[in-house]
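A.B. asks: coordinates for the following, if possible.
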Amino acid sequence: MNFASDTSAPAHPKVLEAVLAANEGSAASYGADLWTTKAGSVLCDLFETDLAVTFVSSGTAANALALSILCSPDGAVICHENAHINRDERGAPEFYTQGGKLLLLPGAHDKISIKSLQPLLTTIDRSFVHETPAEVLSLSQLGEAGTAYDVSEVSSLCDMAHTAGLHTHMDGARLANALVNTTASPADMTWRAGIDVLSFGFTKNGAMGAEAVILFGDMVKRFDTLEARRKRGGHMPPKQRFIAAQVLAMLEDELWLKLAAHANAMASTLADGFSHAGAKLQHPVQGNEVFVCLDDGQADALRTAGAQFYDWPDGSARFVTSWDTKKADVQAALAVLA
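C.D. replies: Here you go, the predicted model:
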């Protein structure tokens, strides 16, 4: 009963098959291979627009590199105070921007609200030498509390950011789970809503280690800069075909959405069971993460039965489901509380 993280799950068999299939013969290095080219074309179709894309093996690399082409060394990135780029990436965004600062905002259920963003944007004074002016707004999808922005929220926040002269970034490590929850299309949730650069995650959803950095619209002009920083930062794999092959396998026949739908369904079942047992949910369940308030006896009983989960800083227990979560494991965990 491993609910510790969706990164604990194995790679999906179709991903492994794709990697093995790509392991035949020689191929061009550093992204000049046919798999990378095809993956770029498939992503253009998926997002219904021309775009530029590059691939890395971790979400931290994707976020840090994406922000490095949006934020200057003496600028700042606005994000939620609990955003992954702030809490879990050990200063990688600051490192790759060569000094860019993170400006942290509060918000219920780890989402930035218009109410919290507006005052910050109206106080930006780029002529005031003592201030670090915001240059980027970064939104997490899902957020760290497992909640999803809907399209209207993304659009409103991006409109405000663009009006204030900021660029926009989305940390889409669990974008698939958010799309399944909101039923939005990839295009509507991203560039049509005003997102300039997307970190598109596959690793949490069934890949071995595959993430995409996608540039939309005018940001395509910064692709050469992104590639230079990817190389300098040590994130340009010589045998990139194996990352691109994973992406192609995930996108084929909408596998990425099917896997996310299963993970979301398992989380909903778990949440319903917790509620039925009288345990309070800390946040709305809008993806594949459940945050529940357990007493010490309940938590101990679950761990004694073999359940793995994290104690979260807000006092709740975090349970994360994945494409590989078995219904029997969910039922076994709930049976302990029953």
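
A.B. asks: which helix or strand lies directly C-terminal to the longest helix seen in the chain?
C.D. replies: Longest helix in the chain by number of residues (criterion: DSSP state H): helix 255-276. Scanning forward in sequence from helix 255-276 by DSSP states H and E, the next helix or strand is strand 280-281.

A.B. asks: helices and strands around that next one, which ones?
C.D. replies: helix 255-276, strand 289-293 (3 or more Cβ pairs under 8 Å, 6 or more residues apart in numbering; DSSP states H and E). Quick note: C-beta positions are derived from backbone N, CA and C, even for glycine.

A.B. asks: mean confidence score for it?
C.D. replies: For strand 280-281, the mean pLDDT works out to 96.

A.B. asks: that older thread, of the helices and strands packed on strand 280-281, which stretch is the most buried?
C.D. replies: strand 289-293 (a mean of 25; mean count of other Cβ atoms under 10 Å).

A.B. asks: so how far is residue 20 from the residue nearest in space to the middle of the chain?
C.D. replies: Of all residues in the chain, the one closest to the mean position by Cα atoms, centre = their mean is residue 173, 1.7 Å from it. Noted for residue 173: a distance of 26 Å to residue 20, by Cβ to Cβ, to the nearest Å.

A.B. asks: same deal with residue 129?
C.D. replies: From residue 129 to residue 20 the distance is 57 Å (Cβ to Cβ).

A.B. asks: which one of these two has more residues nearby?
C.D. replies: Ranked by neighbour count (other Cβ atoms under 10 Å), residue 129 and residue 20 place residue 20 first, with 11 against 7.

A.B. asks: neighbouring contacts of the helix or strand hosting the more buried one?
C.D. replies: Remark: residue 20 resides in helix 13-21, with elements defined by DSSP H and E. Applying Cβ atoms under 8 Å, 6 or more residues apart in numbering, the set of residues contacting helix 13-21 from outside is 206-208, 242, 245-246, 248-250, 252, 255.

A.B. asks: just the buried subset of those residues, please.
C.D. replies: 206-208, 242, 245-246, 248-250, 255 (16 or more other Cβ atoms under 10 Å).

A.B. asks: which neighbouring elements make contact with the helix or strand that residue 53 is a member of?
C.D. replies: Residue 53 belongs to strand 51-56 when assigned by DSSP H and E. When contacts are defined as 3+ Cβ pairs under 8 Å, 6+ apart, strand 51-56 packs onto helix 34-47, helix 59-68, strand 211-216, helix 223-232, helix 241-251.

A.B. asks: tilt between that strand and strand 211-216?
C.D. replies: 160 degrees (axes from the mean of the first three to the mean of the last three Cα atoms, to 10 degrees).

A.B. asks: quick one, what contacts the residue nearest to residue 71 when sequence neighbours are not counted?
C.D. replies: In space, and not counting its chain neighbours, residue 71 is closest to residue 100: 4.0 Å by Cβ to Cβ, 6 or more residues apart in numbering. Residue 100 sits next to 67-68, 71-77, 93-94, 135 when contact means Cβ under 8 Å, 6+ apart.

A.B. asks: swap the cut-off to 6 Å and go again
C.D. replies: 71, 75, 94 (Cβ atoms under 6 Å, 6 or more residues apart in numbering).

A.B. asks: which of these count as buried?
C.D. replies: 71, 75, 94.

A.B. asks: hmm, back to that, so which of the helices and strands packed on strand 280-281 comes closest to residue 322?
C.D. replies: Nearest to residue 322, of all the helices and strands packed on strand 280-281, is helix 255-276, at 5.3 Å by Cβ to Cβ.

A.B. asks: that closest one to strand 289-293, inter-axis angle?
C.D. replies: Using the same axes, to 10 degrees: helix 255-276 against strand 289-293 is 10 degrees.
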